[in-house]
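Asker: Generate a structure from the sequence data that follows.
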Amino acid sequence: MMALGAHAAEFSALPGDIASLCEVIQGVLIHRDIAPFLYRVTLSEEDRADAHIRPIAQMLTRIHALDARPLTIAREPAHRLPSVCRHFSLMLCAILRDRGIPARPRCGFGAYFEPGKFLDHWVCEYWNAADARWILVDAQLDAIQRKQFKPDFDTLDVPHDRFIIAGDAWKQCRSGRADASRFGILDMHGLWFVAGNLLRDLASLNRMEMLPWDVWGLMEMGDDALTSEKKTLLDRVAALTLAGDDKFGDVRAIYESDDRLRVPPVVFNALRNAPEPIAT
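Answerer: Model prediction:
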């Protein structure tokens with residue numbers, strides 16, 4: 001899902017440091033749900049539908065359809081591609097991978113949007129060779145959002161207690177260290193929601209970077225459907241998604257071994273309330 005398409009050559013002209021890359025991304029994307037409140041941009045339903053775009057190549061094509069100038073030129077907010085957190089993370093990941101830097105979008109929960117709540121969110125995780133560690137980057141939070149949400153950390157190196165990777169959220173809720181009712185978004189909360197994000201994170205680790213509202217397999221719409229067998233399986237999935245790189249073979253194996261975990265050719269788009277093929 002990371003083929004870059006006709007605009008791939010533009011990546012070579014982008015800046016070299018993470019901070020500048022995030023600024024480029026913030027100059028061409030806009031979060032569709034934040035746009036009306038922080039940027040005074042009114043989006044039509046057709047505009048908002050751009051957030052259903054899956055592959056990076058299609059994102060780049062649409063960015064240039066809205067404004068044909070190079071990616072390095074920041075657009076006015078009304079001319080940016082309406083997106084959600086997943087798209088910011090995917091774009092940074094694609095740029096870094098194009099440069100040979102290991103990177104992957106991570107699905108989980110942000111603890112820095114509403115006090116006391118852990119909201120559905122995505123960030124990019126990349127391998128910093130100099131520090132010999134994986135680093136979380138929130139590519140979505142520009143100066144306007146940082147002023148609004150007031151994160152108490154460097155958004156280019158997000159601590160793991162501020163962005164809770166889905167597997168960690170699952171383990172915390174299962175052990176009683178965290179209240180699952182505080183994890184979710186809007187009126188959707190609970191262990192079932194955490195489980196859904198865990199499966200999306202597992203898919204992303206297997207290079208299937210899905211939309212936040214894609215539903216398949218083991219995903220349920222209520223805690224009552226999470227049987228003991230399913231919880232035990234998800235315990236194993238959570239542990240593997242948090243394990244070191246030496247366990248990647250196991251991450252791959254469990255994903256491929258169970259149809260309930262693996263992304264099928266057609267998923268259910270919960271926002272559109274319809275099945276949707278993932279191939280483009």
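
Asker: quick one, phi/psi of I135?
Answerer: Dihedral pair for I135: phi -120, psi 130, per degrees, to the nearest 10.

Asker: List the contacts of it.
Answerer: If a contact means Cβ atoms under 8 Å, 6 or more residues apart in numbering, then I135 has 125-128, 156-157 as its contacts. C-beta: built from backbone N, CA, C; applies to glycine.

Asker: Could I get the pLDDT score of it?
Answerer: Listed pLDDT for I135 reads 98.

Asker: Max pairwise distance over the contacts of I135: which two?
Answerer: Pairwise distances across the contacts of I135 peak at 14.4 Å for W127 and L156 (criterion: Cβ to Cβ).

Asker: circling back: and the contacts of I135 as TSV, adding distance to L271 and pLDDT?
Answerer: Shown next, in TSV, are those (distance: Cβ to Cβ, whole Å; pLDDT from 0 to 100):
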residue	distance to L271	pLDDT
E125	25	98
Y126	29	98
W127	32	98
N128	35	97
L156	30	98
D157	32	98
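
Asker: how about those in a markdown table, adding distance to K230?
Answerer: Formatted as a markdown table, the contacts of I135 follow (distance: Cβ to Cβ, whole Å):
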| residue | distance to K230 |
| --- | --- |
| E125 | 26 |
| Y126 | 32 |
| W127 | 32 |
| N128 | 35 |
| L156 | 37 |
| D157 | 35 |
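
Asker: mind listing which of those are in helices?
Answerer: Secondary structure from DSSP state H places none of these in helices.

Asker: got any ranges where the stretch 101-250 of the chain has weak pLDDT?
Answerer: Judged by pLDDT under 70, the stretch 101-250 of the chain has no weakly predicted residues.

Asker: all helices for it, in order.
Answerer: Here the stretch 101-250 of the chain has its helices, by DSSP state H, counting those that start in this stretch, at 143-149, 166-175, 191-205, 228-241, 248-257.

Asker: and A35, which of the ones you listed is closest to it?
Answerer: helix 143-149 (10.8 Å).

Asker: Buried ones in that closest one, by neighbour count?
Answerer: 145, 149 (16 or more other Cβ atoms under 10 Å).

Asker: Can you tell me which helices and strands that helix packs against?
Answerer: Contacts defined by 3 or more Cβ pairs under 8 Å, 6 or more residues apart in numbering; DSSP states H and E place helix 143-149 against helix 35-38.

Asker: Next secondary structure element downstream of the helix it packs on?
Answerer: As assigned by DSSP states H and E, the chain's next helix or strand after helix 35-38 is helix 45-48.

Asker: what sits up against that next one?
Answerer: Helix 45-48 has contacts (Cβ under 8 Å, 6+ apart) with 32, 82.

Asker: Heading C-terminal from it, find the next helix or strand.
Answerer: As assigned by DSSP H and E, the chain's next helix or strand after helix 45-48 is helix 56-66.
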